[in-house]
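Chemist: I'd like to go over a predicted model; first the sequence, then the structure.
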Amino acid sequence: MLLGLIVRATKDVDVVARLDKDRLVPADPLPVALADAVAAVADDLGLAENWLNPGPAALLDFGLPDGFVDRCVRRSFGGLEARIASRYDQIHFKLYAATDQGPRSKHVGDLRQLSPKREELLAAARWCRTHDPSEGFLLMLLRTLALLGTEVAREDA
């Protein structure tokens, strides 16, 4: 949404990682100064306390898509500089979430708005498998890809 790629109201902003001297580090916990600013904004605007949160920070544990940092889009919000995941990386994250949460999740609609090409979905599927190599996840991933109009052989996912 911050890049204008998806049109959908959201209650929060997810932080996957922080960049510290060109190195990604876990976002959880948020630095004290940032956590204080998040609380102040929440209070001022009547938002939930966790409107900005490190909810998906576990993605960092298994690795982000290759080249993630280089593809990030820089945006400044006052004194805060953010790096926002590119469309390509959003496809990866959304495919993982859509597979995990099922065909009725908001992530399926988000993926459709991103209009991924077959090659992008295949790259995202391969990345998703590095996060969950289980047979059950593979079956759900194949169903999700089919739902998106991309039939894939098991060995290609």
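Modeler: Ah, there it is. Since the model is a prediction, treat every value here as computed from it, not as a measurement.

Chemist: got the contact list for residue 34?
Modeler: By Cβ atoms under 8 Å, 6 or more residues apart in numbering, the contact set of residue 34 is 52, 80. Heads up, the C-betas are built off the backbone N, CA and C, glycines and all.

Chemist: isn't there a strand covering it?
Modeler: No - under DSSP: H, G, I helix; E, B strand; the rest coil, residue 34 sits outside any strand and is assigned helix.

Chemist: Name the SS class of residue 81, please.
Modeler: Residue 81 is classified as strand under three-state DSSP.

Chemist: Leaving out sequence neighbours, find the closest residue to it.
Modeler: The shortest distance from residue 81 to any non-neighbouring residue, by Cβ to Cβ, 6 or more residues apart in numbering, is to residue 74 (6.5 Å).

Chemist: gap between the residue positioned nearest the centre of the chain and residue 101?
Modeler: In the chain, the C-alpha nearest the mean C-alpha coordinate belongs to residue 93, at 3.9 Å (Cα atoms, centre = their mean). From residue 93 over to residue 101 the distance is 12 Å, taken as Cβ to Cβ, to the nearest Å.

Chemist: tell me the domain boundaries of the protein?
Modeler: Domain assignment for the chain, taken from automatic domain parsing, gives 13-86, 88-156.

Chemist: any idea how far residue 154 lies from residue 145?
Modeler: Shown here: residue 154 relative to residue 145, a distance of 11 Å by Cβ to Cβ.

Chemist: In terms of neighbours, single out the busier of the two.
Modeler: Legend: neighbour count by other Cβ atoms under 10 Å for residue 154 and residue 145, higher for residue 145 (23 against 10).

Chemist: my guess is that one meets residue 125, correct?
Modeler: Yes - assessed by Cβ atoms under 8 Å, residue 145 is found in contact with residue 125 at 6.3 Å.

Chemist: any residues in contact with both of the two?
Modeler: 95, 152, 157.

Chemist: what's the helix or strand for the spatially closest residue to the last one that is not a sequence neighbour?
Modeler: Nearest residue to residue 157, sequence neighbours excluded (Cβ to Cβ, 6+ apart): residue 125, at 4.6 Å. Taking DSSP states H and E as the definition, one finds residue 125 inside helix 118-131.

Chemist: count of residues packed around the nearest residue to residue 103 once chain neighbours are set aside?
Modeler: Once flanking residues are discounted, residue 103 sits nearest to residue 147: 5.5 Å by Cβ to Cβ, 6+ apart. Neighbours of residue 147 under the rule other Cβ under 10 Å: 15.
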